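# Just need the structure, nothing else, for what follows:
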Amino acid sequence: MKSYYLFSTFSFLLISINISLAIAQPSWELYENESCAISLMHPYMEDKISQASSGTFQIFITKDNKDPDSLNMNITVSCLDKRLPITEQSMNLTMSGLEQEFELVTYEENSLNKTAIDGEKLSFVTVGGQIERGELFNAQTVAEINHENNTYIIRILSVGDDGLSGFINNHNYLKDNILSSIKFLN
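Residues are numbered from 1 along each chain as shown. You can find the predicted model right below:
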């Protein structure tokens, strides 16, 4: 009888943990923007999407309290009808500009010529740090990708309060999933 009770209790705990983990995961919703001819995934169905102007859209993501890894985020995508060169120098200038927005930079990443889903080359820089010596952290990623005769600039801004290491890990997880989901529409 004791072993049955112990097994039942253990099974209940496993089921509870699995249900909690299933609730606390992004649903990864597809968004297609016809004017930019691009699609990407964003974390939650409740995210707000705004078509700012021709060639620009934004996705606003509010921290989901059921998901400990979620962050307040803003994804801005601009599509230019001109192919701009994406060089190491231009990405270093972008990083330098981002660094000036922080009082204290605690994280930097520079990735050049990474291959995206459609085989295009994607370059991005990420800078992160504390906001005004407080408990909040901020990270910004700027990615650039050329496709045919267009240049796409994707800016991902995150704000969170889960400690620097956890915050950077969460930002990078979401950023990597967003950038790797990019596809170009025909």
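# and Glu135, helix, strand or coil?
coil (DSSP: H, G, I helix; E, B strand; the rest coil).
# cool, the one 3 residues further on as well?
When the structure is reduced to helix, strand and coil (three-state DSSP), Asn138 reads as strand.
# What's the local residue count around it?
20 (other Cβ atoms under 10 Å). The way it works is simple: take the backbone N, C-alpha and C, and place the C-beta from them, glycine included.
# Can you give me the buried ones in the helix or strand where Asn92 lies?
Applying DSSP states H and E as the criterion places Asn92 in helix 88-99. Going by neighbour count (16 or more other Cβ atoms under 10 Å), the buried part of helix 88-99 is Met91, Thr94, Met95, Leu98.
# do stretch 179-186 as well
For stretch 179-186, by 16+ other Cβ under 10 Å, it's Leu179, Ser181, Ile182, Phe184.
# Who are the contact partners of the third one?
Shown in contact with Ile182 (Cβ atoms under 8 Å, 6 or more residues apart in numbering): Ile38, Ser39, Leu40, Ala116, Ile117, Asp118, Leu122, Ile145, Tyr152, Ile154.
# In those residues, find the pair that's most separated.
Pairwise distances across these peak at 14.9 Å for Ser39 and Leu122 (criterion: Cβ to Cβ).
# Which one's more surrounded, the two?
The residue with more neighbours, out of Ser39 and Leu122, is Leu122; 23 against 15, by other Cβ under 10 Å.
# List phi and psi for the more buried one.
phi -120, psi 130 (degrees, to the nearest 10).
# For Lys121, the count of nearby residues, please.
14.
# Render the CA-only coordinates of stretch 102-116 in PDB, please.
Output of stretch 102-116 as PDB, limited to C-alpha atoms (Å, rounded to 0.1, in the frame of the first residue of the first chain):
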ATOM      1  CA  PHE A 102      24.200  52.200 -22.200                       C
ATOM      2  CA  GLU A 103      25.700  53.500 -19.000                       C
ATOM      3  CA  LEU A 104      27.500  50.200 -18.500                       C
ATOM      4  CA  VAL A 105      27.900  47.600 -21.200                       C
ATOM      5  CA  THR A 106      28.100  44.100 -19.700                       C
ATOM      6  CA  TYR A 107      27.400  42.000 -22.800                       C
ATOM      7  CA  GLU A 108      28.500  42.200 -26.500                       C
ATOM      8  CA  GLU A 109      28.100  39.800 -29.400                       C
ATOM      9  CA  ASN A 110      29.100  40.400 -33.100                       C
ATOM     10  CA  SER A 111      28.100  37.800 -35.700                       C
ATOM     11  CA  LEU A 112      29.000  38.300 -39.300                       C
ATOM     12  CA  ASN A 113      27.700  36.300 -42.300                       C
ATOM     13  CA  LYS A 114      25.600  33.800 -40.500                       C
ATOM     14  CA  THR A 115      23.400  31.700 -42.800                       C
ATOM     15  CA  ALA A 116      19.700  32.300 -42.500                       C
END
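# Before I go, just wanted to say thanks for your time.
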